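Peer 1: Following is a predicted model, sequence given first.
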Amino acid sequence: MKRFKTTGRKKTLFLVVTLGIAGLFLSGCQGKAPAPPPRIPEVATIQVVPRSIVLTTELPGRTSAYRVAEIRPQVNGIILKRLFNEGSEVQAGQVLYQIDPAHFQATLDNAKAALGKAEGNRPAIRLRAERLQELIADKAVSQQEVDDAAAALKQSEADIQFWKAMVTTAQINLGYARITAPVSGRIGKSNVTEGALVTAHQPLPLATIQQLDPIYVDVPQSTSELLRWQRRQADGRLNPNGAGQKKVKLLLEDGTAYTGEGRLQFRDVTVDPSTGAVTLRIVFPNPKGILLPGMFVRAVVQEGVQEQAMLIPQQAVSRDPKGNPVALVVDAGGQVGKRMLRLDRAVKDQWLVTSGLKAGDQVIVEGIQKARPGASVKAVPFQESGTGGAGPAQTGPPVPPAR
């Protein structure tokens, strides 16, 4: 009986404690404040404002000499002297080599002597022909004698012309004994020394002169880029007649900018079948000789002026699972929208957008991870820290279409 009373007391005590805890819990719940509404995320946006930019593209190329003259002898002989320093600047008409002139001088003297002999015989032959022509009227001489005298006179005239030509030839050959520079420029190493035997029009040049100021830069441009450029012009998106359209800048092999400014001379009309490219030839001043033939360079060529270009920061563009570029915009009501873009190329730290956006759109630049299409956000102006949006557009290669 005692045990039964003890067990009943424990049950009663447990029930009282449970009811007390429940009462405390209910009283606490009734005094708690309601939960605050969810916070609207804040994003930084930039307004799309079309503006005029100069589109350029970087193309690899190599330098080549403006003029190249291979020095070859035009007569046979022995080299007596070399009259230049290898690697020096030479002027057009400067004597480079002297071939032994003795043989050519003797030939000239012989031709002059023969010419003098022919000219000395001509007066007597002419007088005899004239006398016979007077006697033929009186039948004092035969017609055959008159004809022979006239033929002798013509033969004498022909001999004089022949030896005049021989004198001229001998003078030319004597002049060829002095090998001169046909153009001004820098001369390379000499392939012969004094005492060497040279022959006329030999395959091996004696030396080579290259004119390096100005200098050419040959740049290949693929036909696909050429067609794209022509299509933009035909659509009116690109004005090819802007100021300085033919001006070209140059980047050296180490990445530094060349101080001189070049000019596009012409675009070749023939496509190289091995590369599928046409050649752009650009002329650059080279007064200090910094550019040497065969150097690898990058030419910054102006394509034209795009009057209504839309640029957005690169960080504002993301990719969907298929690799297509997309951007998020905020409308007037604070709702987030998704836009599929078509990009042309990179312009410094920005993308040049050809479709998908319009003037006045508010594009999200920062806080993209907090925004979802259809959600509400609070838009604040994006503070640009760089200078990528100012000045002429230094552009990269066009963006290939997404697969």
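Peer 2: Ah, there it is.
Peer 1: would you list every one of the helices in the stretch 201-350 of the chain?
Peer 2: 223-234 (DSSP state H, counting those that start in this stretch).
Peer 1: so what's the closest residue in space to Thr270 that isn't next to it in sequence bridging to?
Peer 2: Distances taken as Cβ to Cβ, 6 or more residues apart in numbering place Val278 nearest to Thr270, at 7.1 Å, with adjacent residues excluded. Backbone N, C-alpha and C define where each C-beta goes, glycine included. Per DSSP bridges, the residues bridged to Val278 are Gln221.
Peer 1: For Ile215, see how far away Val278 is.
Peer 2: 20 Å (Cβ to Cβ, to the nearest Å).
Peer 1: Same question for Ala44.
Peer 2: For Ala44, the distance to Ile215 - Cβ to Cβ - is 48 Å.
Peer 1: Between the two, tell me which one has more neighbours.
Peer 2: Legend: neighbour count by other Cβ atoms under 10 Å for Ala44 and Ile215, higher for Ile215 (25 against 16).
Peer 1: List the buried residues of the lengthiest strand in the chain.
Peer 2: Counting by DSSP state E, the longest strand found in the chain is strand 51-71. Within strand 51-71, the residues scored as buried using 16 or more other Cβ atoms under 10 Å are 53-59, 61, 63-66, 69, 71.
Peer 1: If you count neighbours, what's buried in whichever helix or strand comes after it?
Peer 2: Under the assignment DSSP states H and E, the closest C-terminal helix or strand after strand 51-71 is strand 77-82. For strand 77-82, the neighbour count (16+ other Cβ under 10 Å) marks Gly77, Ile79, Arg82 as buried.
Peer 1: again with stretch 224-234
Peer 2: Buried-residue list, stretch 224-234, by 16+ other Cβ under 10 Å: Glu225, Trp229, Arg232.
Peer 1: got the angle for the longest strand of the chain vs helix 223-234?
Peer 2: With axes from the mean of the first three to the mean of the last three Cα atoms, to 10 degrees applied, the angle from strand 51-71 to helix 223-234 works out at 130 degrees.
Peer 1: Tell me the helices and strands packed up against strand 51-71.
Peer 2: The contact analysis (3 or more Cβ pairs under 8 Å, 6 or more residues apart in numbering; DSSP states H and E) places strand 51-71 against strand 185-187, strand 207-222, strand 277-284, strand 296-313, strand 342-347, strand 395-398.
Peer 1: tell me the mean pLDDT for the shortest one?
Peer 2: Mean pLDDT, taken over the full extent of strand 185-187, equals 94.
Peer 1: what do you get for stretch 60-67?
Peer 2: 94.
Peer 1: Now do the phi/psi pair for the nearest residue to Ala316 once chain neighbours are set aside.
Peer 2: In space, and not counting its chain neighbours, Ala316 is closest to Val365: 4.5 Å by Cβ to Cβ, 6+ apart. With angles defined as degrees, to the nearest 10, Val365 sits at phi -110, psi -40.
Peer 1: got the contact list for Val365?
Peer 2: Ala44, Thr45, Ile46, Ile312, Pro313, Gln315, Ala316, Phe382 (Cβ atoms under 8 Å, 6 or more residues apart in numbering).
Peer 1: Then Val183?
Peer 2: Val183 neighbours (Cβ under 8 Å, 6+ apart): Arg67, Ala69, Ala92, Ile209, Gln211.
Peer 1: Let's have the residues you listed in CSV, adding distance to Lys112.
Peer 2: As requested, the contacts of Val183 are arranged in CSV below (distance: Cβ to Cβ, whole Å):
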residue, distance to Lys112
Arg67, 37
Ala69, 33
Ala92, 30
Ile209, 34
Gln211, 39
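Peer 1: ok, the residues you listed vs Leu115, which is closest?
Peer 2: Relative to Leu115, the closest of the contacts of Val183 is Ala92; by Cβ to Cβ it sits at 32.6 Å.
Peer 1: Quick check: the closest residue to that closest one other than its chain neighbours vs Ile290, distance?
Peer 2: In space, and not counting its chain neighbours, Ala92 is closest to Ser184: 4.8 Å by Cβ to Cβ, 6+ apart. Here the criterion is Cβ to Cβ. By it, Ser184 lies 18 Å from Ile290.
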